[in-house]
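In: task: produce atomic coordinates for the following.
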Amino acid sequence: MAERDFGEMRSGDRGPGGVAVSDLSPAQRSQAVHERAFFALVVVELACRFEASATRRRLVALAVGSAVAMVFSNAAIGVVLGPYLAVVVFGHDNRALHDYWRPYYLSHGLNSLAQAWQRFEQLRFALAMPALVFVAMIIAGVVVLARSGRPSTSLIVPILWIEMFAAGVGGRYPFLDRRTSHFLLVVSLVVGAIGVAGIVVAVTARSRLFAAALVAALAVGFGYGVQPYVRIHPITDEDVRSQVLYAARHYERGDVVVVSYQSDWGFTYYWPGADRRYFADHSGRSSNGFFVRLVDGPVTVYADGSSSRDTTTAMRDGLARARSAEASGRIWIVRTYVNDAERRAWANTFSTLKLTPTVLSVGVEPLLLVSRPR
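Out: Next up, the predicted model:
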C-alpha cells in the first residue's frame, strides 16, 4: 500500500545511507518508502507547531528537522518548501509594504496584459531601446540557445517572465518596477545579447561586410538610446548624513531634534556615539515592520508621518520640550526625501505655529534650526 501511495522507487534512487535501491531487498525497499513518509510527516508536524506558536525554539526545531529529513528523504525537499512558503513567505505578509506596492501590481483579467505591455514600454529609456526591440532580442536569444544544444537553458527566461507575470497578477511582485526588477531585466538583457551575437555570427557566414555594418548600426542605435543618461545621476539627491553630523557637532545640552518621517533611519544611523534600539511597529504604518530609535542620544521627537497633521504634531511636541526649564530653546529639524506634498505640509506647520526656521546649507538638503521659540 505504501509503495502505491508514494510511487515505486526506481533503480537509480537511493535509500538510507546512500545505498542504491537496486541493492535493497523488497522488505528494505518498503522500509525506505515508509521512512520517506515518516520524515515528510515530521516536517509537516514541526511546521504546524511553529505556525501555532512562532517561538525561537520551535523555529530551530523546524530548521533542524527539515535538514535531517532532506538527508534521508528526497521527497522531504518538497515538503520542506511548502512549510517554508506558508510560514516564512505567506505567513509574514507585511500589510504596509503590500499597500505601498499595490499600485505596481497587475490587475486581474485580460487588462493585465495591456497593463504589463504598458509597463514594458515605460522601460524603453532605461533599456535604451524600444520594447519591441527588447522582446525581439530575447526571442532571438532563446532561439540561439536552443539551437546551440541548450534547450533547457533557453527556457529559463521565458519561464521566469511567466512566473513574474503571475506573481504580479497575484499581488506578490511589483511587475517591472525598476527598483524590484533589476534581476529580471539584467538576465533578459544577457539572453538578448546572446541573440544579437547569434544573428551577427549567422550574418558573418554570408557577408562579413554586412555583418560589420550591422554591428556598427547596433552600436549607434544603442548609443543614441543611452545618450540622455551619460554623465547624469537621475536619482534624487539626498544627504541626511551631512545634516545629522552638522547638528551633532553643534549640539548643545538642552537642544531638541525634530526628525521627519523619512529621516528617522538615517538620523539614528549617523548620529555618533548613541545607542540604537529596534522596536516592532504594531501600527502597520511602516513598510519595514519595525523602526529604530536612539535611546541615549539627544532629546528627539520623531514625526509619525508626512502629512501636515503629523509634522504639526511633531513640531508642537518639539516646541513644548524646547520651552522646558532644562532646554536651550533651540530645535534642529532634520528632513530628507521631501516630496512636494511633505514640503507643503512643513510650510503649513511653520505658518500655523508662526515659526521662521533658519536654513543651514550643510549639503544638498538643508538643515533647519529654530532658535528661541516664543
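
In: which residues touch residue 242?
Out: Neighbour list for residue 242: 362-365, 367 [criterion: C-beta atoms under 8 Å, 6 or more residues apart in numbering]. All C-beta atoms are positioned from the backbone trio N, CA, C, and that covers glycine.

In: just give me the closest of these to residue 355.
Out: The shortest gap between residue 355 and any of the contacts of residue 242 belongs to residue 367, at 14.9 Å (C-beta to C-beta).

In: got the confidence number for residue 301?
Out: On pLDDT, residue 301 comes in at 95.

In: which one (most neighbours) among the contacts of residue 242?
Out: Sorting the contacts of residue 242 by how many neighbours each has (other C-beta atoms under 10 Å) puts residue 367 first, at 24 neighbours.

In: ok, that residue - contacts?
Out: By C-beta under 8 Å, 6+ apart, the residues touching residue 367 are 242-243, 246-247, 332-334, 359-360.

In: quick one: those as a markdown table, columns for distance to residue 353 and pLDDT too.
Out: Compiled in a markdown table, the contacts of residue 367 are given as follows (distance: C-beta to C-beta, whole Å; pLDDT from 0 to 100):
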| residue | distance to residue 353 | pLDDT |
| --- | --- | --- |
| 242 | 26 | 94 |
| 243 | 21 | 96 |
| 246 | 23 | 96 |
| 247 | 20 | 95 |
| 332 | 16 | 97 |
| 333 | 12 | 97 |
| 334 | 17 | 97 |
| 359 | 17 | 95 |
| 360 | 19 | 95 |
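
In: Serialize those residues to JSON lines and add fields for distance to residue 223 and secondary structure.
Out: As requested, the contacts of residue 367 are exported to JSON lines (distance: C-beta to C-beta, whole Å; DSSP: H, G, I helix; E, B strand; the rest coil):
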{"residue": "242", "distance to residue 223": "36", "secondary structure": "helix"}
{"residue": "243", "distance to residue 223": "39", "secondary structure": "helix"}
{"residue": "246", "distance to residue 223": "42", "secondary structure": "helix"}
{"residue": "247", "distance to residue 223": "45", "secondary structure": "helix"}
{"residue": "332", "distance to residue 223": "47", "secondary structure": "strand"}
{"residue": "333", "distance to residue 223": "45", "secondary structure": "strand"}
{"residue": "334", "distance to residue 223": "42", "secondary structure": "strand"}
{"residue": "359", "distance to residue 223": "42", "secondary structure": "strand"}
{"residue": "360", "distance to residue 223": "43", "secondary structure": "strand"}
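
In: ok, back up a step: which residue in the contacts of residue 242 has the weakest pLDDT?
Out: For the contacts of residue 242, the pLDDT minimum is residue 363, 85.

In: separation between the closest residue to that residue other than its chain neighbours and residue 195?
Out: Excluding the flanking residues, the one nearest residue 363 by C-beta to C-beta, 6 or more residues apart in numbering is residue 242, at 3.2 Å. Per C-beta to C-beta, to the nearest Å, residue 242 is found 46 Å from residue 195.

In: now do the SS call for the residue nearest in space to the middle of the chain.
Out: With distances taken as C-alpha atoms, centre = their mean, the residue of the chain nearest its centroid is residue 180 (5.8 Å). At residue 180 the chain is in coil, as set by DSSP: H, G, I helix; E, B strand; the rest coil.

In: how many neighbours does the closest residue to it other than its chain neighbours have?
Out: Of all residues not flanking residue 180 in the chain, residue 174 sits nearest, at 4.9 Å (C-beta to C-beta, 6+ apart). Neighbour count for residue 174, taken as other C-beta under 10 Å: 21.

In: in contact with residue 174, which residues?
Out: Neighbour list for residue 174: 101, 104-105, 168, 180-181 [criterion: C-beta under 8 Å, 6+ apart].

In: before we move on, what about residue 178?
Out: Residue 178 makes contacts with 123, 126, 185, as judged by C-beta under 8 Å, 6+ apart.

In: of those, closest to residue 355?
Out: Nearest to residue 355 out of the contacts of residue 178 is residue 126 (C-beta to C-beta; 41.5 Å).

In: run a quick neighbour tally on that closest one.
Out: 15.

In: also the one 3 residues further on?
Out: Around residue 129 sit 21 other residues, with neighbours defined as other C-beta under 10 Å.
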